[in-house]
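Colleague: this one's sequence-less:
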Ligand SMILES: [Zn+2]
């Protein structure tokens with residue numbers, strides 16, 4: 001037993017001797033190979049790079065992870081429905097977003113302490129020409145800064161219902177993406193979800209919203225007005241019924257503003273009474289919440305912008321003291 005163990009010990013030494021030799025040979029070979037690779041790489045670098053350059057050898061391939069798009073993700077669309085941009089002028093402030101994620105923009109002109117507001121497009125594509133008028137006014141004022149009195153700041157919200165405008169330039173473009181009439185969604189004292197349709201717009205189903213002020217477009221304009229002290233406001237509509245003063249019943253300063261604007265434009269005042277009862281309107285909410293005077297003003301049709309008439313109206317508006 002003892003002798004056999006001795007001889008097996010000898011074989012262990014022999015085998016480990018060979019192993020050690022093999023490992024040392026591999027290490028030596030590997031070291032020689034790497035040295036030769038580095039030398040050839042250095043030769044390539046000096047061949048292509050200018051002398052003294054510290055340029056590194058670019059890797060021959062990149063391993064970047066590929067991303068599989070999530071089919072359930074819908075990216076928000078951040079563009080206005082009708083593209084409008086001033087070539088050389090102020091950028092608009094984004095005061096909120098529509099249900100579809102379209103920005104609601106406000107342009108600011110002048111730096112005076114008295115603040116005035118024009119809102120267009122509350123009835124979207126059905127009244128698309130109010131948005132076209134706002135674009136024309138913005139362009140005109142930008143080219144003629146003297147149109148703004150020195151003590152005035154004018155804000156123009158050019159398209160309050162961009163989803164409606166993007167949907168259709170007809171009866172289908174009036175409401176927002178929840179089917180709400182935004183000019184019946186403001187939290188006035190008389191807000192209602194439903195109303196008697198006699199004498200009112202009846203071409204498509206619509207509501208005043210799930211609750212007063214339920215819509216993001218409405219809330220954007222509410223917070224814009226609440227964070228300022230607005231002297232007077234025009235909310236543009238079409239078509240043909242005239243100039244409606246804000247307030248239930250109509251407030252005196254708003255009646256004075258409506259009269260003055262009707263005189264400048266030739267639009268009817270008192271406005272044409274179709275027997276419709278208006279609830280939750282922007283003009284009524286405005287005077288109930290600190291705006292000095294407000295009107296709903298209707299262009300004469302659904303086609304043109306009545307630009308010359310409304311340029312006269314702008315001058316009267318910006319000099320109106322409620
Ligand atoms: Zn309207």
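Modeller: Structure received. These numbers come from a predicted model, not from an experiment.
Colleague: who's in contact with the closest residue to residue 127 other than its chain neighbours?
Modeller: Leaving aside its sequence neighbours, residue 127 sits nearest to residue 238 (Cβ to Cβ, 6 or more residues apart in numbering; 4.6 Å). Just so you know, the C-beta spots here come from the backbone N, C-alpha and C atoms, and that holds for glycine as well. Neighbouring residues of residue 238 by Cβ atoms under 8 Å, 6 or more residues apart in numbering: 127, 129-130, 298-302.
Colleague: from memory residue 92 sits against residue 107, does it?
Modeller: Yes: the criterion here is Cβ atoms under 8 Å, and residue 92 meets it with residue 107 at 4.9 Å.
Colleague: between the two, which contacts overlap?
Modeller: residue 158.
Colleague: which residue ranges of the chain form strands?
Modeller: 93-97, 103-109, 114-119, 152-157, 230-238, 243-245, 293-299 (DSSP state E).
Colleague: okay, the ones you listed in CSV with distance to the ion next?
Modeller: Listed next are the strands of the chain as CSV, based on distance: least, Cβ to the ion, whole Å:
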stretch, distance to the ion
strand 93-97, 20
strand 103-109, 17
strand 114-119, 11
strand 152-157, 15
strand 230-238, 3
strand 243-245, 10
strand 293-299, 7
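Colleague: of those strands, which is nearest residue 220?
Modeller: strand 93-97 (2.5 Å; Cβ to Cβ).
Colleague: count the residues that sit near the residue lying closest to residue 210 once chain neighbours are set aside.
Modeller: Nearest residue to residue 210 in three dimensions, chain neighbours excluded: residue 193, at 7.4 Å (Cβ to Cβ, 6+ apart). When neighbours are defined as other Cβ atoms under 10 Å, residue 193 has 16 of them.
Colleague: do I have it right that residue 193 meets residue 206?
Modeller: No: applying Cβ under 8 Å, one finds residue 193 not in contact with residue 206, separated by 10.5 Å.
Colleague: against residue 115, how distant is the most centrally placed residue in the chain?
Modeller: Among the residues of the chain, residue 103 comes closest to the average C-alpha position under Cα atoms, centre = their mean, at 1.2 Å. To residue 115, residue 103 is 21 Å away according to Cβ to Cβ, to the nearest Å.
Colleague: quick check: residue 167 touching residue 126?
Modeller: No: using Cβ under 8 Å, residue 167 is not in contact with residue 126, being 9.6 Å away.
Colleague: overlap in contacts of the two?
Modeller: Counting by Cβ under 8 Å, 6+ apart, the residues touching both residue 167 and residue 126 are residue 173.
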